[in-house]
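> Fold the following and give me the result.
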Amino acid sequence: MLTSQQIRQKFLDHFAKHGHTIVPSAPMVVKDDPTLMFTNAGMNQFKDLFLGNRPAKDKRIADTQKCLRVSGKHNDLEEVGIDTYHHTMFEMLGNWSFGDYFKKEAINWAWELLVDVYGIDKNNIYVTYFGGDDKDKLPADNETRDLWKQFMPEERILPFSRKDNFWEMGDTGPCGPCTEIHVDVRTAEEKKQKPGRDLVNNDHPQVIEIWNNVFMQFERKADGSLVELPAQHVDTGMGFERLCMVLQGKRSNYDTDVFQPLIQELAKKCGKVYGKDEKSDIAMRVIADHLRAISFAIADGQLPSNTGAGYVIRRILRRAVRYGYSFLGFNEPFMYTLVPTLAAQMGDQFPELKKQQGIIESVMHEEEKAFLRTLEQGTKRLEQALAESKGTLGGERAFELFDTYGFPIDLTQLMAREQQKQVDMKGFEAELQKQKERSRAATAVTTGDWTELGKGETVFVGYDELSSAAHILRYRKVSGKGGDQFQIVLDRTPFYAEGGGQVGDQGWLVNGEERIEVVDTKRENQLIVHFTKALPKEPSATFTAQVDGQRRALTARNHTATHLLHHALRKHLGAHVEQKGSLVAPDRLRFDISHFAKVTPEELASIEHDVNAMIAEDIAFDDLRNVPIAEAKAMGAMALFGEKYGDSVRVVKFGPSVELCGGTHVPRTGTIGPFRIVSESALAAGVRRIEAITSVEAERMINEKLAKLDAINALLKNPADLVSAVEKLVEQNAAMAKELERAAKDKVRSLASSIPAKAKANAKGVKVVVERLDLDAQSLKDLGYALREQHADLAFVAGSVIDGKPLLAVSLGKAFADATGLKAVDIIKQISPEIKGGGGGQPDFATAGGKEPGGMANALQKAESLLA
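The predicted structure follows:
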């Protein structure tokens, strides 16, 4: 039986034999495509080639690509673990042709691999093809059907509609008919009962699609029409995990050697046997799958967070923890202990797993601990909500627990059932739908088709020029919540597109008197896109593309400073320090690093000193372009995991600092000016964040601090030793505070003795005192507690106004409460509106603050009425 490693290698060897260049997997986290958060198909890294944004260097390519599907069009998350063949993270084996071979070769080589190389029984193979579409006026793809007829009878070649056999990149873009290859792995007895052709595309777990060959012939326009592409391409994707199931003779992807090492390790840790209980089996499958997705995402630089891609990763992790908590008995973090098994299993093919293993384990451990605390807190809130509900927990309340506190709805249902109560799921789903609609409305964007004025690629001249003559190659209109914008692509541009942490350039497109502001520059599928609020009156004119030079200069200073900072961090903290993220803007820089302890003030001071020393050295910029990647690494240039590098790279050197970088920099370090670290904090487990400023901002901070120092000096009459003078002032202030505290306590003791004498009996025969006093909130509380303990039959209500802010306090002794049935918290809620405030508390003591001191008399009068 072939192992998964052998299966993967045979695929790559097969296509290498047929002239394909084997390329590494792109990162799973997408950096330069605003339409995607994660790579969800093997073709993503070649999208710019299909769009024609750049020519293909290699006409034939093959690889294995790590993918993630959890949201949007390919939302498989809730199926994962329940069935046997859906996954979040999966490998997609693929081969591509960019204007080279087409249907004949793709089909022939697919058959050769599956039948001759892998030895799949040809009688178990079914294929589908595009059966045509009246709406798009497309005929059936009979060419594909006829090519398959040389290998199998027509009864196993099945036509399907556009839904199944016409692949599209999105609402617009390259698309075309496809042919899917399915394999029937049922037993002979099962095959006798029903033919495989009847189960193709019917979600049968043993009659399963393993390979899709897409023949890109068309481009879908924004108006829905189709036009022929200038060149025809092949884009194929084969599910690695499903292929392993077929070749290893298993009935489930999870029974293959791709997942079993993880599942067996997990079974050992929880003391259960996989295959004995459906609920625990599902939990183990969920955890094994999700562990891979989380680990690869963190290795590619995506940390869990509350927004965007980070939120998706957090959702996946929490789903796994929840299954372990609910069905496997894990009340402590456990997933992080499985990372070594995963790294040993897949680390050779994907070395980032081994390299980043420590960070993956640390981040996962902290996330698990945090979510287990959330589950504990959510359980308490849910128990309270269930106690207050009458038979059914409202959908709004269930959604609040889910949305605000992260408490999973299925756990809410489970706990409700244990108390013989229901959950209003229709109400919950309605609230969830409202949230989705709000989210969609906030991010809804309508993108028009490109209007093309010229051909060719953009030449970037921004390393050497801030101004350049330029022509518009293409433009389009984009409409969203913020209004209309235009996206413009130039033939030649000095504008740096956002990337590598550095913000995009701003500036202008100038034509005579017309001056169009460029508000941002981004990279999209290898296009440098300039964002403007208006379109030039004459788009075909010659423009001057002018970068905002002052903004660029400030940004360049901060970018070079991050390189110097990185070097100093590694020098003082150790070679384990690696960049985990950055922001380089004109006014600040942010640098995230792998480090497992807080950076001490002493270390920060040394690091800051070293950066300023390198700035003072006025080191010249050594800009090495188009360096072969192997040569760059031999020079000691640091490459970042989660970044995709080409065969040639740019090496940025400032003395001992050597990095791979595409950003803009200063000609000499002396240009940077002063460098100051302003904060150091934890971003995630094992990841620290350092924020700093340079140049103008650093000078401004220094001047502000000096001005404050001068002001303090003047207030203290310019003492000889300012620090000693301030220390003395602090000591005097602390002594005075103690005196005031003593005086306040004495006043409370005195009032606690005198107030009971003012009490009057009410209708129930117990005592009431309502008094306006001059006490702060703490003293009111201390007095209320003292009276409550010393006089069980007394009700005490006090009002006070401190610095214009009204305060109310209600204290009820136990005998008073028993005799009247009143609660302090109810009284405070009835009287606090008089001071335009609100409050709360316990049955025996409650307080409120307000905004209207003029209502104090009415509040106290109302209290007297309630207590009479």
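
> in stretch 98-107, what's buried?
98-103, 105-107 (16 or more other CB atoms under 10 Å). No exception for glycine: its C-beta is placed from N, CA and C like everyone else's.

> what do you get for stretch 342-362?
Those would be 342-343, 345-347, 349-350, 352-354, 356-357, 359-362, for stretch 342-362 by 16+ other CB under 10 Å.

> for stretch 168-186, same thing?
168-169, 172-186.

> Can you flag which of the residues you listed belong to helices?
Assigned to helices by DSSP state H, none of these qualify.

> Show only the entries of the residues you listed found in strands.
168, 173-184 (DSSP state E).

> Make JSON lines from these and add distance to residue 499 and pLDDT to it.
Shown next, in JSON lines, are these (distance: CB to CB, whole Å; pLDDT from 0 to 100):
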{"residue": "168", "distance to residue 499": "28", "pLDDT": "89"}
{"residue": "173", "distance to residue 499": "22", "pLDDT": "84"}
{"residue": "174", "distance to residue 499": "24", "pLDDT": "88"}
{"residue": "175", "distance to residue 499": "28", "pLDDT": "92"}
{"residue": "176", "distance to residue 499": "31", "pLDDT": "95"}
{"residue": "177", "distance to residue 499": "36", "pLDDT": "97"}
{"residue": "178", "distance to residue 499": "33", "pLDDT": "97"}
{"residue": "179", "distance to residue 499": "37", "pLDDT": "98"}
{"residue": "180", "distance to residue 499": "37", "pLDDT": "97"}
{"residue": "181", "distance to residue 499": "38", "pLDDT": "98"}
{"residue": "182", "distance to residue 499": "41", "pLDDT": "97"}
{"residue": "183", "distance to residue 499": "42", "pLDDT": "97"}
{"residue": "184", "distance to residue 499": "47", "pLDDT": "96"}
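
> Quick check: of the buried residues of stretch 342-362, which lies closest to residue 558?
residue 359 (25.3 Å; CB to CB).

> if I pick that closest one, what's in contact with it?
Residues in contact with residue 359, defined by CB atoms under 8 Å, 6 or more residues apart in numbering, are 298-299, 580, 594, 686-687.

> so where do the strands sit in the stretch 651-800 of the chain?
657-660, 675-684, 687-694, 760-761, 767-772, 794-802 (DSSP state E, counting those that start in this stretch).

> hey, least reliable of those by pLDDT?
Mean pLDDT is lowest for strand 760-761 among the strands of the stretch 651-800 of the chain, at a mean of 90.

> Contacts for it next, please.
Under CB under 8 Å, 6+ apart, the answer for strand 760-761 is 767-769.

> go again using 6 Å as the cut-off
For strand 760-761, the surrounding residues in contact (CB atoms under 6 Å, 6 or more residues apart in numbering) are 767-768.

> ok, residue 149 - how many residues close by?
12 (other CB atoms under 10 Å).

> Low-confidence ranges, the stretch 1-150 of the chain, go.
Scanning the stretch 1-150 of the chain for pLDDT under 70 picks out the ranges 32, 71-76.

> Equivalent analysis for the chain, please.
Looking at the chain by pLDDT under 70, you get 32, 71-76, 443, 641-642.

> And for residue 652, the neighbour number?
Using other CB under 10 Å, residue 652 is surrounded by 23 other residues.

> Mind putting the buried residues of stretch 98-107 into a markdown table with secondary structure and distance to residue 680?
Below are the buried residues of stretch 98-107 laid out as a markdown table (DSSP: H, G, I helix; E, B strand; the rest coil; distance: CB to CB, whole Å):
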| residue | secondary structure | distance to residue 680 |
| --- | --- | --- |
| 98 | strand | 47 |
| 99 | coil | 52 |
| 100 | coil | 53 |
| 101 | coil | 55 |
| 102 | coil | 57 |
| 103 | helix | 58 |
| 105 | helix | 57 |
| 106 | helix | 54 |
| 107 | helix | 59 |
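
> Let's have those in TSV, adding distance to residue 316.
Listed next are the buried residues of stretch 98-107 as TSV, based on distance: CB to CB, whole Å:
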residue	distance to residue 316
98	33
99	38
100	38
101	38
102	38
103	37
105	38
106	34
107	36
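
> List just the nearest of the residues you listed to residue 569.
residue 98 (41.8 Å).

> Quickly list what the closest one is bridged to.
Per DSSP bridges, the residues bridged to residue 98 are residue 233.

> Show the contacting residues for it.
49, 56, 59, 233.

> tell me which of those is nearest to residue 304?
Closest approach between the contacts of residue 98 and residue 304, by CB to CB: residue 49, at 32.3 Å.

> Look up phi and psi at the residue nearest to residue 823 when sequence neighbours are not counted.
What sits nearest to residue 823 in space, not counting adjacent residues and going by CB to CB, 6 or more residues apart in numbering, is residue 843, at 4.3 Å. Main-chain dihedrals, residue 843, degrees, to the nearest 10: phi -60, psi -30.
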